[in-house]
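# Sequence and predicted structure below; questions after.
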Amino acid sequence: MLRFAARLFAAPALAGLAIGCSPSADAVDGRDVVFDSQSYFTVTVDTRRDDIELYWRNPDTGQPFGGIEALKTWTAGKGRTLVFATNAGIYDRDFKPLGLYVENGKTLVPLNLAHGNPRSGNFSLLPNGVFAVYDDGSAEVRTSEDFRASGRKPRWATQSGPMLVIGGEINTQFDDGSDSMKWRSGVCAKSSHEVVFAVSRAPVNFHAFARLFRDRIGCRDALFLDGTISQAFTPNAGYAGAPAFMTKPYAGIVAVFPKKP
C-alpha cells in the first residue's frame, strides 16, 4: 500500500472571509478561508523572511525523522524554531519519496517521469509536478516535464502529483462532480518569494481544491502534495489535519524557519 499524506490546521471560520491575527515575528501567516462553502486553512510564507527547507533522514542517525515532532525536537536542539511543517508529498512503502527529492542541494531521489503506473496512485495522474526552492530564495511550482526542460538546480525540491492548476487552467483530469472526497493539501508559488500552502478542513474533490488555488488564492500553477493521513504543525495552532488514528510515518517533511538575523 502506498503511503499518501498531507494536512494542516484549524480555527473558527467566517463565511467567505479570510481571518487571523497578524503574524508575530516567529510565525507564518495562517488564515482560515471559506470558498464555495468549503473550509480551508492557508499558510503564506515569504521566503525573504522565512526559510523553506526539506528533511527526510536525521543526519545523526541516518533514519527517517518519520514525523514532525521528531523533526521539531531535533531542530530545536540546533537552535532553530520550527514555525510550519507538513508532509512534503507522496512516498512509497519503504518510506522513500516517490519522485524528485532534493535536500540542501543534494538530489537524494531523481526526477520520476514514469507514466501510468497504477501503483503510484495520485502521482500517476498527469501532469505531476515539482515544488522547488532555489539558492536565492525564489520558489516555483511547475510540471515535471517543464522542470526538467528548465535545467535549473534547486536547493530544495519535492515532486508530487497531480498538478492542480497549470498555466491558469484546472487540470483536465479532474471532474467537477467527482465523488472522490478526501482531505487534500497543496502548494503554489504565487510569486517568486510568496509561497502558499493550503489544506482542506473537510474532504473535497480535486476539482474543488484546484478552484481554491486558482480562483481564491490566485495561483497560475499549483501542486497537490498529499491527502488523507498527514498533519501539519504551527506553534500557534499545534497539530491539525487528518484524524490522529489515520496518520502514519512520513518521508520528506516541509519545514519553515525564521531567517537568522
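Right, received. Where do you want to start? Numbering: from 1, shown residues only.
# Please count neighbours and contacts with C-alpha atoms only from this point.
Noted.
# Would you tell me which helix is longest in this protein?
Longest helix in the chain by number of residues (criterion: DSSP state H): helix 68-77.
# what does the average pLDDT come to for the helix or strand just after that one?
Scanning forward in sequence from helix 68-77 by DSSP states H and E, the next helix or strand is strand 84-87. Throughout strand 84-87, pLDDT has a mean value of 90.
# got a list of what residue 160 touches?
89, 90, 98, 99, 123, 128, 129, 130, 223, 224, 225, 226 (CA atoms under 8 Å, 6 or more residues apart in numbering).
# Now flag whichever of those residues is closest to residue 75.
residue 89 (20.6 Å; CA to CA).
# circling back: could you redo the contacts of residue 160 as a markdown table and give each row secondary structure, neighbour count and distance to residue 257?
Formatted as a markdown table, the contacts of residue 160 follow (DSSP: H, G, I helix; E, B strand; the rest coil; neighbours: other CA atoms under 10 Å; distance: CA to CA, whole Å):
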| residue | secondary structure | neighbour count | distance to residue 257 |
| --- | --- | --- | --- |
| 89 | coil | 32 | 19 |
| 90 | coil | 30 | 23 |
| 98 | coil | 24 | 25 |
| 99 | coil | 27 | 24 |
| 123 | helix | 30 | 28 |
| 128 | coil | 24 | 27 |
| 129 | strand | 32 | 24 |
| 130 | strand | 29 | 21 |
| 223 | strand | 30 | 22 |
| 224 | strand | 32 | 22 |
| 225 | strand | 33 | 20 |
| 226 | strand | 29 | 22 |
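# Residue 127: neighbour count?
Residue 127 has 23 neighbours, counted by other CA atoms under 10 Å.
# just to revisit the earlier point, farthest pair in the contacts of residue 160?
Maximum pairwise distance among those (CA to CA): 14.9 Å, between 98 and 223.
# if we can go back for a sec, the longest helix of the chain: how far from the chain's middle?
Taking CA atoms, centre = their mean, to the nearest Å, one finds helix 68-77 lying 19 Å from the centre of the chain it belongs to.
# sorry, back to before: flag the least confident of the contacts of residue 160.
For these, the model is least confident at residue 123; its pLDDT is 77.
# Output the lowest mean pLDDT helix or strand found in the chain.
Every helix and strand in the chain was compared by mean pLDDT, DSSP states H and E; the lowest is strand 238-241, with a mean of 70.
# Just after it, pick out the following helix or strand.
Heading C-terminal from strand 238-241, the first helix or strand you meet, by DSSP H and E, is strand 253-258.
# Can I get that next one in PDB, CA atoms only?
Output of strand 253-258 as PDB, limited to C-alpha atoms (Å, rounded to 0.1, in the frame of the first residue of the first chain):
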ATOM      1  CA  ILE A 253       8.800  17.000   5.500                       C
ATOM      2  CA  VAL A 254       8.500  20.600   4.500                       C
ATOM      3  CA  ALA A 255       9.900  22.800   7.300                       C
ATOM      4  CA  VAL A 256       9.900  26.600   7.700                       C
ATOM      5  CA  PHE A 257      12.200  28.600  10.000                       C
ATOM      6  CA  PRO A 258      12.700  32.300  10.500                       C
END
